[in-house]
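*Asks:* based on what follows, work out the 3D shape:
(chains A and B)
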Amino acid sequence: MYRKIIKRSLYNMRDSYLIYILACAFAIGIYGTLVSMSTNPSIKRAIPTWRSYLGDISIMMSWVFAFCAVIYMVYVGGFFVKQQHHEFITFEKLGMQRWVVVMLSFFQTSVIQFFAWIIGLLGTVVFQKFLGMVLFYLMHLRFNFLMYISLADARHLLTVFLYSTIFFSGINAFKTMRILQKGGKRRAKKARWWLRIPAGLFGIVLLILAQVGSVQLIYDIDSIGYSPKPMAEILFILIADVFGTYLVYFGFLPTILNFLQKIRSVAYSGINIFSFKYLKERLFQNISTLWFVTELSAMALVLLTFCYYGYQQVYHNYNTIYPFELSADQNTVKTVRQELKKSKANIVGEYQTDVKISLASYYKESDKTVVHQPMTFMSHSDYLALPKRIQKWNPKVKSNEYLMIRYNSGSINDEPQKAYNIEVKNAPLIAKAKIGNSFPYGSTMHYGSIMIVPDKYYQSLPAEINDTLYGWKFKKGDRLNAKQIKHLEKRRGDYFLKVNYNSNLKNSSIEIIKKEPETYDHNVYTQIGFMRQGGFKKQFNQVGGFFLFIVSLFSVALLIALGSVLTLRILLRDDYQSRQLRTLQKIGVEETEIKGIVRKENTLTFLIPLIFALVQTISASLSFSLKLPKKLLLIYGGYVAMYCLFGVVSYQISWHGIKKKFSQ
Amino acid sequence: MQIVVKNISKDYGKKKNAVHAIKDISLEVEHGEFLGIMGPSGAGKTTLLNMLSTNERPDHGQIIIDDIDITQLHDREQTKFRRNKMGFIYQSFELLDSLNVKENVILPLALSRSHKKLIEERFNYMMNLLNIEKLSQRNVDELSLGQRQIVAAARALINSPEILFADEPTGSLDSKSATILLNYMQLVNQREKTTIVMATHDAFTASYCQRVVFIKDGLIFSEVVNPGNRDKFFEQIINMQRTIGGGNYFNVSQDY
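*Replies:* Next up is the predicted model:
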């Protein structure tokens, strides 16, 4: 008989269980893939960095993934126990012992876990091959990915299968026990305005504090460097955001719906007389789900934002350091050319620009200090002759304007847009200059800042040192061998600049030292003789591909989790709620109107968390940068589109479920 | 004739498991008539009522109401027809738990977007007619079974339907509540000239009708017309029940 009860329960909720099983199987499959990939020999062969750190990151991500999956599986698994609470209580009323009911729940969950794991483990085999190929593609690797699951990994997965099944079944058994202890009365959620409105207001205060905290955090990260304070601030922002969102939902969602219900012309018109109360009831029930989904959505958006800015920063730094595959100055160019001739490198582009080095002094706002440094000067027309990709990262500059290219301070906050009153030795004062970060021949080739000046200014500028910078682009790399590189390395510290500062710039001077000084003074600067991109581009592409792979995996998993949570919450109506929709049909409500109620419910359930998450993320992003980049908005748009797609699918499943109940 | 049923049939299930709920039924109901449909459990009463009320479609045959063949109407048109012309009282009341008594009662008028003034007028009239003014602000789960059925009746009647369908309306009620409800239904039938089609297996309930049609195994077995005396009519119904298949199929009320 018990077997029959379990079979019947599983059959009755087959649609919802199918969604849950597939979502769990996906999570298990991805977890298995991440675990087995870390030991896959073909990856180890193809990616040298896998052994050093990418493999460890993969294992770490598998643990993060497992942690998120456990939260999801525990939370969503509880929906089914809740759905069956009438049934469990009836069993007890009919004389079934409590422990028997609890065991029924335990075995029911075990069966579901069993199916989820079997599909998930099969998924591991398929996913590994498929995701491995995707990973290799993203990392620009031309290797054949071989499917491999080691015995140790298989044993590990089976152990997790066993323990997790016992764990999830135990949790659901415990939840069943709690239901039986509490008894079966359906408690109507009371309004309790005296509690809700103050709680909602407190929630708003917490959200505002989180916003203020974000601004403070950015300021602190910029200004205080290593300190436990930012960590404490992040923790505070997290707690304030999470609880603030819940309190706002708890306090204001029922209030708004109640307010709308009081407007009789709205709530008493047509089907609204029912749908308002029905939706209110459903939203009341689902507040914790809406909150959970909001936080997950916000997490997904923050993850995407973080990755976007992170990638932008890394990509920008990469381009700043390596605008050319090889760079040299006038002292090293001969040697470099000789080596390139030997290596038979296929040169597709060669650039050279004359520069002047002089002394400059200006007030740096971010450090609040006056800087005296050697500064490299380049004429506007020479700058424009350089490849456009170098100019792309800098602000546009007209022929009569000045552009100061300097190191990015690493600040996530907006850099100042302009620099003022730059004194140059024996040259007119530069009253105003735009600021950029992309160095024409790579940041290491210029000590200090570089100033793009109008041609006339450049011609009349008396130089302390004249130099010429060279840059090359190749087809399939510079082909320099280890011996040649070693030879070039000797010329890395080409010459040294010793600046003799005096009370003013006129009396200060730069002295060139050809030999490496015995002691490095604070006023001795090294001029790098050459810069080589080498294998860094490959490594950059590989690491970028790997992180893109991980982020995509997490984003898809998060979307599936969000979609399935909401779909299940909509699908798992209480019996009396489905009955009400059927009653409407019986008394002459058109099917399209009932469909409209289901659509409204679906739209509200999906849109409320999305809007809240977007508001939270965008307001947090705006604290970082006052203007959101178009690409980031496109990424958000992509997320919203995917999320809405889940909403549409959920609506279709939900309506299909109701239609099925109507025909029963 | 307001309702004309021509040779309708309805099967449930497929192949070997097929059940012939209605085999071949033809029937006519006059405007303002109070018709009872009786028969043992499983005879096809509810199926017939569902088909008459457009909640189900027959497999074969025609149902003509006010010269319109409703079996040929599209689902949407059927729903409109149902909403405008029909009222329903079910054994299980079918009240909406989310709404209070007033909202449940005014629902049909609100659905047809009637004027607020008209809604209030009709609501007060119905509450007054059925003597349930005190219940208006209560929630459904605070009502007794009898009260729920009266509320369901108020909802069914508020938009003055031309036809009222009642499926075992007294099935969940004690004899006192049942009597009150039946008296109200009779009152509405007489005052408002509402056509009532009521399915029941209770002889006492059926004795309020003007005519009772007996169904057995999906076919019309016979019919009894009220001679104008309820006691006599009740006895005729009991006799017919015995003829059909012994009194054990039917619930003969002991309180009559």
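
*Asks:* next, the buried residues of the host helix or strand of A:K44.
*Replies:* Assigned by DSSP states H and E, A:K44 falls within helix A:41-46. Neighbour counts over helix A:41-46 (16 or more other Cβ atoms under 10 Å in any protein chain shown) mark A:42-43, A:46 as buried. Every residue, glycine included, has its C-beta placed from N, CA and C.

*Asks:* am I right that A:Y470 is in contact with A:I347?
*Replies:* No - contact status for A:Y470 versus A:I347: not in contact, 11.3 Å apart, counting by Cβ atoms under 8 Å.

*Asks:* wait, A:K498 sits on A:H522?
*Replies:* No - if you go by Cβ under 8 Å, A:K498 and A:H522 don't touch, sitting 10.7 Å apart.

*Asks:* between these two, point out the one with more neighbours.
*Replies:* Each of A:K498 and A:H522 has its neighbours counted (other Cβ atoms under 10 Å in any protein chain shown); A:K498 has more, 15 against 7.

*Asks:* wait, a helix at that one?
*Replies:* No - counting by DSSP: H, G, I helix; E, B strand; the rest coil, one finds A:K498 to be strand, located in no helix.

*Asks:* run through the strands of the chain in chain order.
*Replies:* Picked chain A for this. Using DSSP state E, the strands of chain A run over A:326-329, A:346-364, A:369-379, A:403-405, A:418-424, A:427-436, A:450-453, A:465-475, A:493-500, A:509-513, A:524-528, A:530-532.

*Asks:* switch to chain B, that's the one I care about
*Replies:* Using DSSP E, strands in chain B cover B:3-12, B:19-29, B:34-38, B:60-65, B:68-69, B:86-90, B:163-167, B:195-200, B:211-216, B:219-225.

*Asks:* how about CSV for those strands, with mean neighbour count added?
*Replies:* As requested, the strands of chain B are exported to CSV (neighbours: other Cβ atoms under 10 Å in any protein chain shown):
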stretch, mean neighbour count
strand B:3-12, 18
strand B:19-29, 18
strand B:34-38, 26
strand B:60-65, 18
strand B:68-69, 12
strand B:86-90, 25
strand B:163-167, 24
strand B:195-200, 26
strand B:211-216, 22
strand B:219-225, 16
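
*Asks:* mind putting the ones you listed into a markdown table with distance to chain A and mean pLDDT?
*Replies:* Listed next are those as a markdown table, based on distance: least, Cβ to the nearest Cβ, whole Å; pLDDT from 0 to 100:
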| stretch | distance to chain A | mean pLDDT |
| --- | --- | --- |
| strand B:3-12 | 11 | 90 |
| strand B:19-29 | 15 | 88 |
| strand B:34-38 | 18 | 92 |
| strand B:60-65 | 14 | 91 |
| strand B:68-69 | 16 | 90 |
| strand B:86-90 | 6 | 87 |
| strand B:163-167 | 10 | 91 |
| strand B:195-200 | 15 | 92 |
| strand B:211-216 | 22 | 91 |
| strand B:219-225 | 25 | 89 |
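
*Asks:* which one of those strands lies nearest to A:T294?
*Replies:* Closest to A:T294 of those is strand B:86-90 (Cβ to Cβ; 40.6 Å).

*Asks:* helices or strands next to that closest one in the packing?
*Replies:* Applying 3 or more Cβ pairs under 8 Å, 6 or more residues apart in numbering or on different chains; DSSP states H and E, we find strand B:86-90 packed against helix B:145-157, strand B:163-167.

*Asks:* report the strands that pair with that strand, each with its relative direction.
*Replies:* Its sheet considered, strand B:86-90 pairs with strand B:163-167 (parallel) by DSSP bridges.

*Asks:* starting at the chain centroid, how far to the strand it pairs with?
*Replies:* Relative to its chain's centre, strand B:163-167 lies at 2 Å (Cα atoms, centre = their mean, to the nearest Å).

*Asks:* quick one: contacts of it?
*Replies:* Outside strand B:163-167, the residues that touch it by Cβ atoms under 8 Å, 6 or more residues apart in numbering or on different chains are B:2-3, B:45-46, B:49, B:52-53, B:65, B:85-91, B:156-157, B:185, B:188-189, B:194-200.

*Asks:* get me the contact residues on the stretch 351-500 of chain A for chain B.
*Replies:* By Cβ under 8 Å from any Cβ of the partner chain, no residue of the stretch 351-500 of chain A approaches chain B.

*Asks:* tell me the bridge partners for A:K473.
*Replies:* Taking DSSP bridges as the rule, A:K473 bridges to A:G349.

*Asks:* which residue does chain A have closest to chain B?
*Replies:* With Cβ to the nearest Cβ, the shortest gap between chain A and chain B falls at A:G588, namely 3.3 Å.

*Asks:* any idea how far the closest residue to that residue other than its chain neighbours is from B:N159?
*Replies:* Spatial nearest neighbour of A:G588, chain neighbours left out: B:R83 (3.3 Å); criterion: Cβ to Cβ, 6 or more residues apart in numbering or on different chains. Shown here: B:R83 relative to B:N159, a distance of 8 Å by Cβ to Cβ, to the nearest Å.

*Asks:* more neighbours: the two, which one.
*Replies:* B:N159 (23 against 18).

*Asks:* make a markdown table out of the helices and strands packed on strand B:86-90 and add distance to A:C644.
*Replies:* Output for the helices and strands packed on strand B:86-90, formatted as a markdown table (distance: least, Cβ to Cβ, whole Å):
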| stretch | distance to A:C644 |
| --- | --- |
| helix B:145-157 | 38 |
| strand B:163-167 | 42 |
